[in-house]
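Asker: Following is a predicted model, sequence given first.
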Amino acid sequence: MSTPEQYDAIIIGSGEGGKYLAWHLASQGKKVANIEDKRLGGACPNIACLPSKNVIHSAKVASFFQRGAEFGIVHGKWHVDMEAVSARRQRMIDGLRDMHLNNYAKSKAEIVMGFGRFLAEKTVEVALNAGGTRTLRSDYIFLDTGSRATIDPIAGLAESAPMTHIEALELTILPEHLLVLGGGFIGLELAQAMRRFGSNVTIVERNPTLVHREDPDVTEALHQLFADEGIDIVTNASVTRVEGTSGKSVIVHLGDGARLEGTHLLVATGRTPNTQNMGLDLVGIKTTPSGHFQVNDRLETTAPGVWAMGDSAGSPHFTHISFDDFRIIRDNLAGANRTTKNRHVPSVTFTDPELSHVGLTENEAKKQGTAYRLGKIPMAAALRTRTLDETRGFMKVLIAPDDRILGFTALGPGVGELLPVIQLAMSADLPYTAVHNLILTHPTLSEGFINLFNTAQRNPHSNQTQANHSIPTNGRATSDPLSQQGTHATKWPPHA
Ligand SMILES: Cc1cc2nc3c(=O)[nH]c(=O)nc-3n(C[C@H](O)[C@H](O)[C@H](O)COP(=O)(O)OP(=O)(O)OC[C@H]3O[C@@H](n4cnc5c(N)ncnc54)[C@H](O)[C@@H]3O)c2cc1C
Ligand SMILES: NC(=O)c1ccc[n+]([C@@H]2O[C@H](COP(=O)([O-])OP(=O)(O)OC[C@H]3O[C@@H](n4cnc5c(N)ncnc54)[C@H](O)[C@@H]3O)[C@@H](O)[C@H]2O)c1
């Protein structure tokens, strides 16, 4: 072993938690090495959240073109140019890379491009991408190595060279028929985008519904949305074998004898943590049965002086959670005693309309026997949606007997932006009336909260009682067209 170079902190992985910790510690004057083997800044800005939302937005523009006449905009001939879609995504990534490089330069955190693994306690060897190795030593080592797409050991699957999200986001041609394995976050977001660009799309999901952990009204609404967009959905699918090559012709064989044929295959069946070949045994870092670094609720691994965060630590796989892991470690290094216990994990699935969620679902509340009062309105009750002609979906809220908000779910345009108000009330233990009584700007989506909480006020507390899913009629219409959108029309009080 060459004489190790001494650092105040070594961070392996430059994902969300890792880079923020590197920038933070370095800007405090600490000597910090941030080791990264692939893409500076990790998955989110390069191959995951941001490029996917960029491509999804291009698909939204395509959907507006398709719907142009509905808005009184009559266009001529138009087409989707996937090379230009890809180039826009790449321009954004290039800009983000400059932003990252600037943050490293400003903070003076050192970037070490290569694969990091433990050689001994407090000692990490980097196999440099440029060739050769470096040995670094520190009393403080932080792991943020992220995750990668899982490729199940299904016969012929790996051999078919399926796309993961990485290749799918880089497509410069439009697949004629895309088969999507997995009806979770990535499957839904990318299936809809590719359909809107013009591909035929079939989603193959092993569970009885898409996003199977969601409440039945959510899955029902998503199934309807996808059916309306012309996306085929095959559920309860047990894939036994894959034949052919993605990009040319591929066949997915199911246990019931069905054959699904497509030109391209995208695998979106979950994530595998990047914790292999890192010399963990040498330093006593244990992993969980799922392969994540084993951490306690302070994100400390089983080796002294080593912390882990983000996807690799088994934290919920979201960029904002990796960021919160960074904050917990940062604050604890400064003497605080923060933990990951009981934190809210908000999420947004960036389908169009979006699905946003925080806190308890009805499924969870029922399972736990938690009493709740339900408030629920169709999105059309937020009159903003009518100005947009985006009335599909609903909002619902679960309220505890003491009036605290237990959970919130919304399917509607831009509903991710509704979460912080609810989160604020939840984290401050405010009664729902704190939101209900606000003067909410008309006509915004958040104005819908007033009607939402109106319906909750009238419902009895029970995890048994079927809540009254009132339909807003703004006190006028009684035969609301929304009743044709899968909700039951009853009476709706205007603002209390
Ligand atoms: C298509 C897609 C869309 C997504 N969209 C969203 C979204 O909209 N919102 C959201 O919140 N989340 C989204 N996610 C999830 C989100 O991307 C991840 O949860 C997040 O990026 C995880 O960050 P992280 O800090 O754990 O690590 P990562 O960002 O995964 O970074 C880890 C880095 O460590 C590097 N590394 C691994 N091992 C080593 C080693 N031994 N030595 C050196 N370097 C190493 C890796 O190459 C990687 O660059 C999406 C994910 C995907 C795949
Ligand atoms: N908007 C966002 O925040 C966002 C977007 C994309 C990804 N992510 C994160 O990345 C993670 C990974 O996304 P993902 O979509 O790969 O995983 P996921 O866990 O969300 O969904 C995977 C789906 O694949 C199904 N599946 C698994 N094996 C299968 C098989 N052999 N055949 C058919 N179906 C199968 C599962 O039942 C599940 O529905 C997500 O859990 C999420 O945390 C977040």
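Answerer: Thanks, I have the structure now. Ligands and ions are numbered 1, 2, ... in the order given.
Asker: Surely Gly314 touches Asn296?
Answerer: No. Using Cβ atoms under 8 Å, Gly314 and Asn296 do not qualify as a contacting pair, with a distance of 11.6 Å. For glycine as for every other residue, the C-beta is placed from the backbone atoms N, C-alpha and C.
Asker: between the two, which one's more packed in?
Answerer: More crowded of Gly314 and Asn296, by other Cβ atoms under 10 Å: Gly314, with 20 against 11.
Asker: and that one, what does it touch?
Answerer: 273, 288, 290, 292-293, 295 (Cβ atoms under 8 Å, 6 or more residues apart in numbering).
Asker: could you redo the last one with a cut-off of 10 Å?
Answerer: Listed by Cβ atoms under 10 Å, 6 or more residues apart in numbering, the contact partners of Gly314 are 147, 273, 275, 287-288, 290-295, 308, 340.
Asker: What subset of those residues is buried?
Answerer: Neighbour counting by 16 or more other Cβ atoms under 10 Å classes 147, 273, 275, 287, 292-295, 308, 340 among these as buried.
Asker: Nearest to ligand 2 among those?
Answerer: When the buried ones among the contacts of Gly314 are compared for distance to ligand 2 (Cβ to the nearest ligand atom), Ser147 comes out closest, at 7.7 Å.
Asker: from what I can see the closest one touches Pro316, true?
Answerer: No. If you go by Cβ atoms under 10 Å, Ser147 and Pro316 don't touch, sitting 11.6 Å apart.
Asker: which parts of this structure sit against ligand 2?
Answerer: Residues of the chain lying close to ligand 2 by Cβ under 6 Å from any ligand atom are 152, 181-187, 189, 204-207, 212, 237, 239, 268-271, 317-318, 347-350.
Asker: So which of the residues you listed reach ligand 1?
Answerer: Restricting these to those near ligand 1 by Cβ under 6 Å from any ligand atom leaves 186, 317-318, 350.
Asker: Can you pick out the ones from the contacts of Gly314 that are in strands?
Answerer: Counting by DSSP state E, those place 147, 273, 308 in strands.
Asker: Could you pull up the contacting residues of the first one?
Answerer: In this case it means Ser147. By Cβ under 10 Å, 6+ apart, the contact set of Ser147 is 15, 43, 48, 270-275, 291-292, 310-312, 314, 317.
Asker: how near is it to Gly247?
Answerer: Applying Cβ to Cβ, to the nearest Å, the value for Ser147 to Gly247 is 25 Å.
Asker: lowest average confidence, helix or strand, in this protein?
Answerer: The helix or strand of the chain with the lowest confidence, counting by mean pLDDT, DSSP states H and E, is helix 448-458 at a mean of 93.
Asker: tell me which residues in that one are buried?
Answerer: Buried residues in helix 448-458 (16+ other Cβ under 10 Å): 448-456.
Asker: For that helix, which helices and strands make contact with it?
Answerer: strand 373-378, strand 394-399, strand 405-412, helix 419-427, helix 433-436 (3 or more Cβ pairs under 10 Å, 6 or more residues apart in numbering; DSSP states H and E).
Asker: returning to what we had before: intersection of neighbour lists for Ser147 and Pro316?
Answerer: Common contact partners of Ser147 and Pro316 (Cβ under 10 Å, 6+ apart): Gly310.
Asker: mind checking pLDDT for the closest residue to Glu36 other than its chain neighbours?
Answerer: Nearest residue to Glu36 in three dimensions, chain neighbours excluded: Ser14, at 4.0 Å (Cβ to Cβ, 6 or more residues apart in numbering). pLDDT for Ser14: 98.
Asker: Please report the distance of Ser14 from ligand 1.
Answerer: Taking Cβ to the nearest ligand atom, to the nearest Å as the measure, Ser14 falls 6 Å from ligand 1.
Asker: Please work out how many residues are found near the closest residue to ligand 1 within the stretch 101-250 of the chain.
Answerer: Closest approach of the stretch 101-250 of the chain to ligand 1 (Cβ to the nearest ligand atom) occurs at Gly146, with a separation of 2.0 Å. Counted with other Cβ under 10 Å, the neighbours of Gly146 add up to 27.
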